[in-house]
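Chemist: Starting from these lines, generate the structure:
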Amino acid sequence: MFKTLVGAFKNKDIRKKIIYTLLILVVVRVGSLLPIPGVDTNYFSSLLSGINTGDLSYLSAFTGGSFERMSLFALSITPYITSSIIMQLLTIAIPKLEEMQKEGEDGRKKIASITRYVTIGLSLIESIAMAVGFGRSGLIKDSAQLSTLHYVVCIIVVVAALTAGSAVLMWLGERITEKGVGNGISIVLLINIISGMPSDFATLYSTFVAPKTPAKGVLAAVIILAILIVMVVLVCFLQDGERRIPVQYSQKVSGRRTVGGQSTNIPLKVNTAGVMPIIFASSLMQFPVIIAQLFGKSYEWTRYLSSSYWCRVEAPKYSIGLLVYIVLLIIFAYFYTSITFNPIEVADNLKKAGGVIPGITPGKSTSEYLNKILNYIVFIGAVGLLIIALIPIMCTGFFNASVSFGGTSIIIIVGVVLETLKQIESQMCNRYYKGFLSE
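Modeler: As a prediction, this is how the structure comes out:
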């Protein structure tokens, strides 16, 4: 990794892209600290402090703390992520979008343009819901003393600021993709997650290291570090692990030339669905809990859905929700993989190109074989995701280690770092090839 970064800084063009990306990230963090005019951030922080940390961990991590501060970038890039997921699902359901996706670069540009409009729409809906829902409760400063017209103007300002902030953040991410090192939206999400980690490490230190004797404190620090290293190593194996299915293409004689005949493979990633199953399962279980707590309601059933109550020795009955979470994660792993990978389409493309898997006849047998292999791989990937997701949950339950980052954050951090390094390496290789050809 360090060798790649050193080589990148030696290259003038790539060095400019890295510096450009860093400057954009500075703008992102500054925007996360800018308050919205007319908003009482202290009240909003106190409101959220009454909610269990585990229930807002994903929201807090993804927004880099700007949601609690109700800053300009409070919505972060979550509307863009949601709209991307919606468009991915609609691509399967709507034939027109599916045809558009198959048009190549032009089709992808059209879908990206539609995704931007959906992002603005979702940002507008979320900002209106937040401004109207919390306006009279104290989100708007001195709302009880304001006239109706003044209050409406304040609501409009908050809605416009939140929507514009989300749009600007999306635009900054696209600038990183086009003029920076690439992978812009993911890098913005990465910097938001990393920004909250120092306070989390400080919490771990004050909870498990500082109150102990020097020997026990060092032991606790070593155990925490060992857990983090094990999780990072597991994520690396999970992200880079793949099953390569060999493919042999038949030879074709065209005039005096022989075309084809080469051997290649179909790489099937072990973690085909990425981090999406964890996000889907967690969001589905925590959404009713957050809604109930925001409205000041406390019900017994919400503890079964809240990850803050799982794996507690004094209340083991609430861990039933953990079993539901495990089942949902496995279901969403298969569901999301079925959307992103179509064995029938892959088999048809292989048949048209004259490719065949050794020992498997083309067509239906190939698709059945791919589907069988994919089911095994998805299960292995889902088990790996479960292990990574359960380690922070168990630490929270057994040791009351309350931190905003968990298995999801670590998967995103490691995945984005690995992907960004691969893109930098490919840009360096392209640069060397261009230099060689120009000579």
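Chemist: Outline the domain layout of the chain.
Modeler: According to the TED database, the chain comprises the domains 1-196+406-438, 212-401.
Chemist: can I get these in TSV with mean neighbour count?
Modeler: Every residue, glycine included, has its C-beta placed from N, CA and C. Output for these, formatted as TSV (neighbours: other CB atoms under 10 Å):
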stretch	mean neighbour count
domain 1-196+406-438	17
domain 212-401	16
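Chemist: Which one, of those domains, ends up nearest to Leu204?
Modeler: domain 212-401 (5.9 Å; CB to CB).
Chemist: Select, out of the domains of the chain, the one closest to Thr203.
Modeler: So among those, domain 212-401 is nearest, using CB to CB, at 8.2 Å.
Chemist: What strand or helix carries Pro246?
Modeler: Taking DSSP states H and E as the criterion, Pro246 maps to strand 242-249.
Chemist: who touches that strand?
Modeler: Strand 242-249 is contacted by residues 260-270, 350, 353-358, 370, 373, 377 when judged by CB atoms under 8 Å, 6 or more residues apart in numbering.
Chemist: Output the domains of the chain as a markdown table; include the columns distance to Ser206.
Modeler: Shown next, in a markdown table, are the domains of the chain (distance: least, CB to CB, whole Å):
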| stretch | distance to Ser206 |
| --- | --- |
| domain 1-196+406-438 | 15 |
| domain 212-401 | 11 |
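Chemist: Mean pLDDT for those - can I get that in JSON lines?
Modeler: JSON lines is the format used below for the domains of the chain (pLDDT from 0 to 100):
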{"stretch": "domain 1-196+406-438", "mean pLDDT": "81"}
{"stretch": "domain 212-401", "mean pLDDT": "82"}
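Chemist: Doesn't Gly165 lie inside a helix?
Modeler: Yes - looking at Gly165 with DSSP: H, G, I helix; E, B strand; the rest coil, it is inside a helix.
Chemist: Can you verify my assumption that it contacts Pro79?
Modeler: No - at 10.3 Å, Gly165 does not count as touching Pro79 under the criterion of CB atoms under 8 Å.
Chemist: what about the nearest residue to Gly415 once chain neighbours are set aside, which helix or strand?
Modeler: Spatial nearest neighbour of Gly415, excluding adjacent residues (CB to CB, 6 or more residues apart in numbering): Gln239 at 5.3 Å. Using DSSP H and E, Gln239 sits within helix 214-240.
Chemist: Which secondary structure elements does that helix sit against?
Modeler: Judged by 3 or more CB pairs under 8 Å, 6 or more residues apart in numbering; DSSP states H and E, helix 214-240 is in contact with helix 364-399, helix 407-438.
Chemist: Roughly how far does Ser46 sit from Gly321?
Modeler: 27 Å (CB to CB, to the nearest Å).
Chemist: for Asp142, same thing?
Modeler: Taking CB to CB, one finds Asp142 at 41 Å from Gly321.
Chemist: Quick one: the strands in the stretch 151-300 of the chain, in order.
Modeler: Ranges of strands within the stretch 151-300 of the chain are 242-249, 251-254, 257-260, 263-269, based on DSSP state E, counting those that start in this stretch.
Chemist: what's the spacing between Gly65 and Val346?
Modeler: Gly65 is 42 Å from Val346, by CB to CB.
Chemist: quick revisit: list the strands paired with the strand holding Pro246, with their directions.
Modeler: Strand pairing for strand 242-249, determined by DSSP bridges: strand 263-269 (antiparallel), strand 355-356 (antiparallel).
Chemist: could the ones you listed be laid out in TSV, adding distance to Tyr249?
Modeler: Below are the strands paired with strand 242-249 laid out as TSV (distance: least, CB to CB, whole Å):
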stretch	distance to Tyr249
strand 263-269	7
strand 355-356	5
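Chemist: Ok, which of those strands comes nearest Thr21?
Modeler: strand 263-269 (25.9 Å).
Chemist: Please find the angle between the direction vectors of that closest one and helix 214-240.
Modeler: 140 degrees (axes from the mean of the first three to the mean of the last three CA atoms, to 10 degrees).
Chemist: just the angle between strand 263-269 and helix 364-399, please?
Modeler: Using the same axes, to 10 degrees: strand 263-269 against helix 364-399 is 30 degrees.
Chemist: Since that was my last question, I'll sign off now.
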